[in-house]
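> Could you look at this predicted model? Sequence included:
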Amino acid sequence: MTTSLRSAAPSTTIPGEISLRVTPGRVVLSEWTKFRSLRSTVSTLLTATVVMIGLGAMFAAITASQSTGFQPGTTAISTSLTGTFFAQLAVGVLGVLLITGEYSTGMIRSSLTVVPSRLPMLWAKLAVFAVAVFLTMLAAGCTSFFVGQALLGHRLNASLSDSGAIRSVLGSALYLTVAGLTAIALGTLLRTTAAAITTFVAVYFVIPPLTNLLPTSLTDHVAAYLPSNAGAVMLDGTFGLAHPLSPWTGFAVMCTYAVVLIGFAAWRLRRVDA
C-alpha cells in the first residue's frame, strides 16, 4: 500500500503545479478580468464615445451653417473628427486609473506576488487596454465621420473614398490608443492618480497652447514635435501649425514619446517596490 501511494504522488502533484503556472495567456486573462471589472471602464469609454461623436457633429453643424466654410487648417474630414481631442481626456483618465487604482487599493502587491517578474503584468495591461480602446474608438471614429459628413451637406462633405479619409478615421483610433498608453506609463511612473492625470492634462492640453507665447521662429519648429500636435496631423488637418509633420511621421513621433515613457515605467516597476 505504501509503495503504491508513493508511486501515485508524482502524478497528482505535477498536474497541480502545471495548472498553477504563470503563463502570458493567463496574465492577459487576469488583466482583462480586472479591466472589465473596473466601474470606470464602461463609463469612461462611453464618455469618450459620446464626446467624440457629439462634438464632431456639433462642429460639423456649425461649419455647415457658416458661409465662410472651414476654418484655416481644417477640412471636412478633420472637422468631423474634432471630438477626438476632447475624447482623449476620458481615455487618458481610464489609462491612469487602470494602474494607479491598484496602487491606491493595495491590489498591486497581490498582482506582483502572482507575477513576481513584474513586467509581464505591465505588458498584459498595455495589450488589453490597447485592443479595447482601439476597437471602441475605431467604431466611434467611423460613426463620427459619417454623422459629420451628413451634417456638412453636399456642398462641403467628403466621402470615405476621398484621399486621406480612411487614414484619418483609423488615425483617430490610433491617436487615442497611443494617448491612453502614454497615460498608463505616467500612472506607472508617478503611482498616484492626481499626479498622473495632472501631468497628462499638462502635456496634451496646457503645453501646446502655451507654445504660442514663444517667439514665432521657435514655435514653428517646437510645436510640431509635441506629442498631441505630432499625432493630430493624422486627422487630415494642420490645426494652426506652420510646419506640420507628415501624417505617419507625426504619428511615429507620438509613438516615440509613448515608447520612451513605457520604458521608464518598466524600469521603475522592476526596480522600485510597490
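Ah, there it is. Numbers count the residues shown, from 1 in each chain.
> Can you point out the buried residues in the longest helix seen in the chain?
Once the chain is assigned using DSSP state H, the helix that runs over the most residues is helix 119-156. Neighbour counts over helix 119-156 (16 or more other CB atoms under 10 Å) mark 120-122, 124-130, 132-134, 136-138, 140-149, 151-152, 156 as buried. In this view, the C-beta of every residue, glycine as well, is placed from N, C-alpha and C.
> Quick one: name whatever helix or strand follows the least confident helix or strand in the chain by mean pLDDT.
Least confident helix or strand, the chain: helix 2-19 with a mean of 42, by mean pLDDT, DSSP states H and E. Scanning forward in sequence from helix 2-19 by DSSP states H and E, the next helix or strand is helix 24-37.
> now the angle between helix 119-156 and the helix or strand that comes right after that next one, please.
Per DSSP H and E, helix 24-37 leads on to helix 39-65 as the next helix or strand towards the C-terminus. Orientation check (axes from the mean of the first three to the mean of the last three CA atoms, to 10 degrees): helix 39-65 against helix 119-156 gives 20 degrees.
> Going by neighbour count, list what's buried in helix 39-65.
41, 44-45, 47-49, 51-53, 55-57, 59-60, 63-64.
> Please apply the same query to stretch 163-174.
Within stretch 163-174, the residues that qualify as buried by neighbour count (16+ other CB under 10 Å) are 164-165, 167-169, 171-174.
> What of stretch 203-213?
203-204, 208.
> quick one: contacts of that stretch?
Stretch 203-213 has contacts (CB atoms under 8 Å, 6 or more residues apart in numbering) with 88-89, 92, 179, 182, 219, 222-223, 226-229.
> Give me the distance from the helix or strand hosting residue 195 to the chain's centre.
Counting by DSSP H and E, the element that carries residue 195 is helix 193-201. Put simply, helix 193-201 sits 14 Å off its chain's centre (CA atoms, centre = their mean, to the nearest Å).
> following that helix, which helix or strand shows up next?
helix 207-210.
> Mind exporting the C-alpha coordinates of that next one to CSV?
Output of helix 207-210 as CSV, limited to C-alpha atoms (Å, rounded to 0.1, in the frame of the first residue of the first chain):
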residue,chain,number,x,y,z
ILE,A,207,1.6,73.0,-23.0
PRO,A,208,0.6,73.1,-26.7
PRO,A,209,-1.3,76.4,-26.4
LEU,A,210,1.5,77.9,-24.3
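> Looking at that helix now, give me its mean pLDDT.
Average pLDDT, helix 207-210: 88.
> mind listing what's buried in the next helix or strand after that helix?
Once the chain leaves helix 207-210, the next helix or strand it forms, by DSSP H and E, is helix 216-222. By neighbour count on 16+ other CB under 10 Å, the buried set for helix 216-222 is residue 219.
> what's helix 216-222 packed up against?
Using 3 or more CB pairs under 8 Å, 6 or more residues apart in numbering; DSSP states H and E as the contact test, no helix or strand touches helix 216-222.
> For that helix, which outside residues touch it?
Under the criterion CB under 8 Å, 6+ apart, residues 211-212, 214, 242-243 lie in contact with helix 216-222.
> ok, now with 10 Å
210-214, 229, 241-243 (CB atoms under 10 Å, 6 or more residues apart in numbering).
> chain center to the very next helix or strand once past it, what's the gap?
Using DSSP H and E, the next helix or strand after helix 216-222 towards the C-terminus is helix 227-232. Relative to the chain's own centre, helix 227-232 is displaced by 13 Å; criterion: CA atoms, centre = their mean.
> Tell me the helices and strands packed up against helix 227-232.
If you count contacts as 3 or more CB pairs under 10 Å, 6 or more residues apart in numbering; DSSP states H and E, helix 227-232 packs onto helix 84-105, helix 165-190, helix 207-210, helix 247-271.
> Those: lowest mean pLDDT?
For those, where the average pLDDT is lowest is helix 207-210, sitting at a mean of 88.
> if we can go back for a sec, of all the helices and strands packed on helix 227-232, which one is nearest residue 35?
Smallest distance to residue 35 across these (CB to CB): 6.7 Å, for helix 84-105.
> how about the closest one: buried residues?
So, applying 16+ other CB under 10 Å, buried residues of helix 84-105: 84-103.
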